[in-house]
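In: 3D model of this:
(one chain, ligands or ions: 1)
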Amino acid sequence: MQARLLLENGTLFTGLAFGADGESTGEVVFNTGITGYQEVLSDPSYCGQIVTMTQPLIGNYGITRDDFESYAPFIHGFVVRRHEPIPSNWRAEYSLDALLKEHGIVGISDIDTRMLTRMIRSHGTMRGILTTSAASVEELQERLIGSEILRNQVAITSTKNIYTSPGTKERIVLVDFGAKNGILRELNTRHCDVIVVPHDTTAEQIRHLRPDGVLLSNGPGDPKDVPEAIRTVSQLIGEYPIFGICLGHQLFALASGADTEKLKFGHRGGNHPVKDLATNRCFITSQNHGYAVNEESIKGTDLEITHINNNDKTVEGLKHRIHPAFSVQYHPEASPGPEESSYLFDQFLKMIADHKLNHPAKPRQAELAASVKGALQHA
Ligand SMILES: NC(=O)CC[C@H](N)C(=O)O
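Out: Down below sits the predicted model:
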């Protein structure tokens, strides 16, 4: 069966359908990862986007229960050069085609993904409509123009309820804007006592959970779509050690008075070189973002740039000059991609330990004794 992808600039790609039948619209973006299509598909930060993989052969190693980055994919369409329907991999449990069908996601194959990627690179990201219907191009154009641009995707991808992933070590409140499972896995591996909270949790509610540190997760969309989260982060800076990842990094920057902007076509893939300015060392990182912190806007804030992108020199890492707080634009949890930045989770835990040394908590016994005394006086 035929599928078609029509771009905002009028370009029409006609290919073969796989996955679900139907129609969807979204921002068309490309990912340069050679492997990792399952993690890309299930990364909530792609919510509302139509993703094309530049790697030409997709589907060949199937889908595995253990490799999801969220409980369900939030992407609006999947575009590949060649779709392999029969997986060959001892870990494969089912096929990419079955996964897309299960979640109602339309796929298109057998189109020139190199041409599509080059077009996005020169034009910038564009909206597109992906369909298996027989509608005329004019009809599709009308539907694309008339379709709503998805905003505030964070409300879709964030957890609706607070939940715990108990551990015996540091208590981390993970603010979930659409967190990848990889972040939780990294915290669990380090035996952290994790409490995952919805995106709109207030500073006051977070204080009640008595965290040792606060981790701001990745998430979809424009960071300026979640002003209440920016306010909350600004109230927490200085009070608790903070670590921001991707959207969390952008929110940390906005909360500190810096600004963010949209990149022409973003960074998505597993081979983005990032320079650590303190050591001059280069790390190959996993990335997925369309916005970035504006470098100029950092001047006059209490932030310092710690990392830059070696390709386009954009800001990739920040730290607060006064308070224990830092953030990165890339993904230290990898999932998929190189794992060489996972030390940042250890750096966060070290920051928490140092903060505890400098700010010893009030002895609980003394607090309890005082409240018992108070209660007795009232009795
Ligand atoms: N992975 C992310 O957290 C992405 C952050 C933000 N939605 C962006 O596209 O820039």
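In: Can you give me the neighbour number for the residue in the stretch 1-150 of the chain positioned nearest to the ligand?
Out: Nearest residue of the stretch 1-150 of the chain to the ligand (Cβ to the nearest ligand atom) works out as S45 at 3.3 Å. No exception for glycine: its C-beta is placed from N, CA and C like everyone else's. Using other Cβ atoms under 10 Å, S45 is surrounded by 29 other residues.
In: sec struct for it, please.
Out: Put simply, S45 is helix when judged by DSSP: H, G, I helix; E, B strand; the rest coil.
In: Isn't it up against N218?
Out: Yes: S45 is in contact with N218 according to Cβ atoms under 8 Å; the separation is 5.2 Å.
In: before we move on, the earlier item: give the contact list for the residue of the stretch 1-150 of the chain closest to the ligand.
Out: Shown in contact with S45 (Cβ atoms under 8 Å, 6 or more residues apart in numbering): T157, G178, K180, N218, G219, P220, C246, L247, N288, H289.
In: where's it relative to E69, distance?
Out: Distance of S45 to E69, given as Cβ to Cβ, to the nearest Å: 9 Å.
In: Which residues are in contact with each of the two?
Out: K180.
In: okay, and the common contacts of S45 and N218?
Out: When contacts are counted by Cβ under 8 Å, 6+ apart, S45 and N218 are jointly contacted by G178, K180, C246, L247, N288.
In: Which residue ranges of the stretch 201-350 of the chain form strands?
Out: Taking DSSP state E, counting those that start in this stretch, the strands of the stretch 201-350 of the chain run over residues 213-216, 242-245, 260-276, 281-293, 303-309, 315-320, 325-328.
In: Of the ones you listed, which is nearest the ligand?
Out: The nearest among the strands of the stretch 201-350 of the chain, by Cβ to the nearest ligand atom, is strand 281-293 at 3.3 Å.
In: Could you list the buried residues of stretch 184-195?
Out: Of the residues in stretch 184-195, those buried by neighbour count under the rule 16 or more other Cβ atoms under 10 Å are L184, E186, L187, R190, C192, D193, V194, I195.
In: Distance to A278 and secondary structure for these - can I get that in TSV?
Out: Output for the buried residues of stretch 184-195, formatted as TSV (distance: Cβ to Cβ, whole Å; DSSP: H, G, I helix; E, B strand; the rest coil):
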residue	distance to A278	secondary structure
L184	28	helix
E186	22	helix
L187	24	helix
R190	23	coil
C192	25	coil
D193	30	strand
V194	28	strand
I195	31	strand
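In: And these, which is closest to I284?
Out: E186 (17.8 Å; Cβ to Cβ).
In: Next, the contact list for A278, please.
Out: By Cβ under 8 Å, 6+ apart, the residues touching A278 are T306.
In: if we go to 10 Å?
Out: A278 sits next to E304, T306, H307, G317, K319 when contact means Cβ atoms under 10 Å, 6 or more residues apart in numbering.
In: biggest separation within those, which pair?
Out: Across the contacts of A278, the longest distance by Cβ to Cβ is 10.7 Å; it joins E304 and H307.
In: and I111, what does it touch?
Out: Per Cβ under 10 Å, 6+ apart, neighbours of I111: A3, R4, L5, L12, F13, T14, G15, L16, T52, V79, V80, R81.
In: For these, which ChimeraX command selects only the ones that are buried?
Out: Restricted to buried positions by 16+ other Cβ under 10 Å, the ChimeraX selection for the contacts of I111 reads:
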select :3,4,5,13,15,16,52,79,80,81
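In: Where do the helices of the stretch 101-250 of the chain begin and end?
Out: 113-123, 137-146, 154-157, 181-189, 203-208, 227-236, 247-255 (DSSP state H, counting those that start in this stretch).
In: Determine if any part of the third one is in contact with the ligand.
Out: No: if you take Cβ under 6 Å from any ligand atom as the test, helix 154-157 misses the ligand, and the best it gets is 8.5 Å.
In: For stretch 92-101, list the C-alpha coordinates in CSV.
Out: Provided in CSV are the C-alpha atoms of stretch 92-101 (Å, rounded to 0.1, in the frame of the first residue of the first chain):
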residue,chain,number,x,y,z
ALA,A,92,13.8,-9.4,19.1
GLU,A,93,10.3,-10.2,20.5
TYR,A,94,8.3,-8.6,17.7
SER,A,95,8.7,-6.4,14.7
LEU,A,96,8.8,-2.6,14.2
ASP,A,97,5.8,-2.9,12.0
ALA,A,98,3.8,-4.6,14.8
LEU,A,99,4.8,-1.9,17.3
LEU,A,100,3.7,0.9,15.0
LYS,A,101,0.4,-0.9,14.3
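In: Check what contacts it and list those residues.
Out: By Cβ under 10 Å, 6+ apart, stretch 92-101 touches 18-21, 37-38, 41-42, 58-68, 72-73, 75, 77-78, 80, 83-87, 102, 105-107, 109.
In: What about those residues, which are in helices?
Out: Y37, Q38, L41, E102 (DSSP state H).
In: So for S371, which of the strands of the stretch 201-350 of the chain sits nearest?
Out: Of these, the one closest to S371 (Cβ to Cβ) turns out to be strand 213-216, at 26.1 Å.
In: Would you list the strands that the closest one pairs with, along with their directions?
Out: strand 171-175 (parallel), strand 242-245 (parallel) (DSSP bridges).
In: L16 falls within a strand, correct?
Out: Yes: counting by three-state DSSP, L16 is found in a strand.
In: which residues does it contact?
Out: Here L16 is in contact with M1, Q2, A3, V80, R82, H83, G107, I108, S109, D110, I111, T132 (Cβ under 10 Å, 6+ apart).
In: Near the closest residue to the fifth one other than its chain neighbours, how many residues? Count them for me, please.
Out: Counting by Cβ to Cβ, 6 or more residues apart in numbering, L57 is the residue found nearest to R82 once chain neighbours are left out, at 5.2 Å. In terms of burial, L57 registers 13 neighbours under the definition other Cβ under 10 Å.
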